[in-house]
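Engineer: Need coordinates for the below:
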Amino acid sequence: MSDPLTTPGEGFHPHLADAAGEPAAPLRTRLHHVRAGALDGDTAQTGGMRRFAAISGKTVGSEKLWMGQTHVAPATSSSDHHHGESETAIYVVSGHPEFVFLDDTGARTEEVRLRTGPGDYIFVPPFVPHREENPDPAEEAVVVIARSTQEAIVVNLPHLYALGKQEG
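Structural biologist: Now for the predicted structure:
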């Protein structure tokens, strides 16, 4: 039988209490347990979706990583956006979200739509404009996101267009 769940903030050694009157240990000297119900909705947002931070500089003191969830309601499309210098990895938890971007590597610019399902992964390079869509009329799409920066960089755009080298 496994031990009971830890309480958020208990750190690496949940059975060892901090000594009374001692300062709390620095954030970067302990493991952190962030419960599903304790995700932080106070993060950069894009219309049509909601982002929730689990791992960030603010929540656990991370310096090079951000991780959280994004929820896209049924029959909804996010606004066009990119994530600045962040590399973004996406894991589809539920639903069938679609990721839309422009491919301008050929003779003409073409809209590309990646149709996904649970268990799929997506990689979004830095500065690549895109949007998420959830065409399902009944089921919310939920994805887990990891970024290579400590906070969720979001640059909302008026249109889905390819950034020129000077804009990236």
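
Engineer: Was I right to think P118 contacts Y91?
Structural biologist: No. Counting by CB atoms under 8 Å, P118 sits too far from Y91 to count as a contact (9.2 Å). No exception for glycine: its C-beta is placed from N, CA and C like everyone else's.

Engineer: In terms of neighbours, single out the busier of the two.
Structural biologist: Neighbour count, other CB atoms under 10 Å: between P118 and Y91, Y91 has more, with 16 against 13.

Engineer: Next, the contact list for the more buried one, please.
Structural biologist: Contact analysis of Y91 by CB atoms under 8 Å, 6 or more residues apart in numbering lists G119, D120, Y121, V143, V144, I145.

Engineer: Which residues does it form beta bridges with?
Structural biologist: On the basis of DSSP bridges, Y91 is bridged to Y121, V144.

Engineer: I'd like the distance between it and R108.
Structural biologist: 32 Å (CB to CB, to the nearest Å).

Engineer: one step back: most neighbours among the contacts of Y91, which one?
Structural biologist: Going by other CB under 10 Å, V143 tops those with 24 neighbours.

Engineer: quick one: it and S78 touch, right?
Structural biologist: No. Applying CB under 8 Å as the test, V143 and S78 come out as separate, 11.3 Å apart.

Engineer: shared neighbours of these two, anything?
Structural biologist: Between them, V143 and S78 share the contacting residues E132, judged by CB under 8 Å, 6+ apart.

Engineer: Give the residue spans of this protein that score low on pLDDT.
Structural biologist: 1-29, 41-42, 44-47, 162-168 (pLDDT under 70).

Engineer: In contact with the spatially most central residue of the chain, which residues are there?
Structural biologist: The residue lying closest to the centre of the chain (CA atoms, centre = their mean) is I145, at 3.2 Å. With contacts defined as CB under 8 Å, 6+ apart, I145 is in contact with R51, W66, M67, G68, Q69, T70, T88, A89, I90, Y91, A152.

Engineer: Now flag whichever of the residues you listed is closest to L102.
Structural biologist: Of all the contacts of I145, L102 sits closest to T88, with 16.8 Å by CB to CB.

Engineer: Isn't that closest one up against F123?
Structural biologist: Yes. Using CB under 8 Å, T88 is in contact with F123, at 7.2 Å.

Engineer: The two: which has the busier surroundings?
Structural biologist: T88 (21 against 9).

Engineer: what about the nearest residue to that one once chain neighbours are set aside, neighbour count?
Structural biologist: Spatial nearest neighbour of T88, excluding adjacent residues (CB to CB, 6 or more residues apart in numbering): V124 at 4.0 Å. Number of residues near V124 (other CB under 10 Å) recorded here: 19.
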